[in-house]
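Student: Please find the sequence and the predicted model below.
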Amino acid sequence: MNRPAAPSPRARHGGAGSVRIIGGRFRGSKLRVPEVAGLRPTPDRVRETLFNWLGQDLHGLRCLDLYAGSGALGLEAASRGAARVDMVERNPLLARALLEAGRRLQADAVQVHEADALQFAAARAPGSYDVVFVDPPFAQAGAHEQALAQAARVLAPHGRVYLEAPDPASLQRWVEPGWEVLRSARAGQVHYALLRRDAGAG
């Protein structure tokens with residue numbers, strides 16, 4: 001969904017392209033992906049699995065898409081009935097594309113914020129969201145740990161977090177301590193998991 005430090009097999013979009021929404025009200029709609037080096041939209045197969053885990057129908061849920069990138073996750077959530085989706089992306093080109101996509105789809109639940117993801121999350125009230133998508137650039141040192149710390153604060157009781165990682169070791173390192181891995185899987189070189197706060201975490 002976002003940007004690794006260097007090209008990899010996951011960075012399928014070397015330039016402009018598109019991804020499609022795979023379920024819900026906007027099913028089949030294409031999202032324009034601007035030309036941004038290393039942009040890696042979450043693949044269809046991964047999103048299909050993730051939303052199976054989440055139960056397909058997100059009606060009434062409040063979602064936060066940090067590091068929104070192409071918007072594939074946040075707009076997929078809106079397509080499936082989320083009550084509110086805050087999409088945070090600091091790259092102006094990508095933020096404009098997200099605004100255009102939301103308007104074209106008439107996705108009234110979506111709010112696009114051209115802002116730093118961590119600063120935006122830090123300004124939200126505790127318990128503001130039911131689902132948080134966390135997918136910073138893999139090479140951005142400390143970003144995953146900081147994003148998960150903010151997610152823990154803004155997550156409602158029984159809320160869930162989606163996380164992507166380049167390898168199992170990184171995934172394990174980033175989610176400990178204080179998180180329970182509900183489900184995890186691998187698709188190609190992407191390792192991903194659905195998390196919730198450990199009942200014993202402070």
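Tutor: Everything's here; your move.

Student: In this structure, which helix is the longest?
Tutor: If you go by DSSP state H, the chain has its longest helix at helix 92-105.

Student: Pull out the buried positions in it.
Tutor: Using 16 or more other C-beta atoms under 10 Å as the test for burial, helix 92-105 gives Leu94, Ala95, Ala97, Leu98, Leu99, Ala101, Gly102, Leu105. For the C-beta atoms, the positions are set from N, CA and C on the backbone; glycine is no exception.

Student: how about the residues you listed in CSV, adding pLDDT and distance to His191?
Tutor: Output for the buried residues of helix 92-105, formatted as CSV (pLDDT from 0 to 100; distance: C-beta to C-beta, whole Å):
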residue, pLDDT, distance to His191
Leu94, 94, 24
Ala95, 95, 27
Ala97, 94, 27
Leu98, 96, 26
Leu99, 96, 31
Ala101, 96, 27
Gly102, 96, 29
Leu105, 96, 30
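
Student: quick one: which of the residues you listed is nearest to Phe26?
Tutor: Distance to Phe26 across the buried residues of helix 92-105 (C-beta to C-beta) is lowest for Leu105, with 5.2 Å.

Student: Please tell me how far the residue nearest to that closest one when sequence neighbours are not counted sits from Arg196.
Tutor: Excluding the flanking residues, the one nearest Leu105 by C-beta to C-beta, 6 or more residues apart in numbering is Phe26, at 5.2 Å. Distance, Phe26 to Arg196, using C-beta to C-beta, to the nearest Å: 27 Å.

Student: Would you mind telling me which of these two has the busier surroundings?
Tutor: Phe26 (21 against 16; other C-beta atoms under 10 Å).

Student: in which helix or strand would I find the most centrally placed residue in the chain?
Tutor: In the chain, the centroid-proximal residue (C-alpha atoms, centre = their mean) is Phe133; its distance is 3.2 Å. Assigned by DSSP states H and E, Phe133 belongs to strand 129-134.

Student: Quick one: residues in contact with that strand.
Tutor: Strand 129-134 is contacted by residues 1, 54, 58, 61-68, 73-74, 77, 82, 86, 144, 147-148, 151, 154-156, 159-164 when judged by C-beta atoms under 8 Å, 6 or more residues apart in numbering.

Student: Among those, which lie within helices?
Tutor: Per DSSP H, those map to helices at Leu54, Leu73, Gly74, Ala77, His144, Ala147, Leu148, Ala151, Val154.

Student: Hmm, the residue nearest to Leu105 is touching Ala107, no?
Tutor: Yes: Phe26 lies in contact with Ala107 (C-beta atoms under 8 Å); the separation is 7.2 Å.

Student: so what sits against both of those two?
Tutor: Counting by C-beta under 8 Å, 6+ apart, the residues touching both Phe26 and Ala107 are Leu75, Ala78, Ser79.

Student: Done for today, thanks.
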